[in-house]
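>>> Whatever this is, show me its structure:
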Amino acid sequence: MSSFRVFDIAGSGMSAQSVRLNTVASNLANADSVSSDPNSVYKAKHPVFQAVMGSMAGPVAERSTAQVSVTGISESQAAPETRYDPGNPLADAQGNVYAPNVNVVEEMADMISASRSYQNNVEVLNTSRDMLLATLKLGQ
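Numbers count the residues shown, from 1 in each chain. Prediction:
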């Protein structure tokens, strides 16, 4: 495995965590939105990650590669929260509005986790770069 493959692996991890941060931001931005129809209310979104392993059948230079890919964004299937708010202009005939199923505390914890994972991948890149530079300086 080439020493430079670590950059591909950490870069794919950073890209995946960036998607995760964007979905968390979208969930938090829509946490307080309401709708008059339970079918049109915002649904929490979460990325689906997959580890992609390289094929062992290829040349030696291409073996032992790994990446993280985002295979899709799934929507929560939980029922929306029903709130009785007859004064709301979006209220239905019964006076109900429907709020998304976004748990703000869970989303904040997910945001912290994604941010730390992103930072860890940056540290991997920095450490690998420093090690490669130190290796190049051995001959001086």
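
>>> Apart from its neighbours in sequence, what residue is nearest the most centrally placed residue in the chain?
Centroid-nearest residue in the chain: residue 20, 1.3 Å away (criterion: CA atoms, centre = their mean). Closest residue to residue 20 apart from its sequence neighbours, by CB to CB, 6 or more residues apart in numbering: residue 114 at 4.2 Å. Yep, even glycine has a C-beta here, placed from its N, CA and C like the rest.

>>> that older thread, need the phi and psi values for the residue nearest to the centre of the chain.
Backbone geometry at residue 20, expressed as degrees, to the nearest 10, gives phi -60, psi -40.

>>> which ones are touching it?
Counting by CB atoms under 8 Å, 6 or more residues apart in numbering, residue 20 touches 47, 110, 114, 117.

>>> Correct me if wrong, but the last one is in a helix.
Yes - using DSSP: H, G, I helix; E, B strand; the rest coil, the assignment for residue 117 is a helix.

>>> which residues touch it?
With CB under 8 Å, 6+ apart, residue 117 has these contacts: 13, 17, 20.

>>> can you tell me how far it sits from residue 32?
Going from residue 117 to residue 32 by CB to CB, to the nearest Å gives 27 Å.

>>> where along this protein do the helices fall?
Using DSSP state H, the helices of the chain run over 5-29, 104-137.

>>> possible to save the ones you listed as TSV with distance to residue 88 and mean pLDDT?
Below are those laid out as TSV (distance: least, CB to CB, whole Å; pLDDT from 0 to 100):
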stretch	distance to residue 88	mean pLDDT
helix 5-29	20	94
helix 104-137	20	94
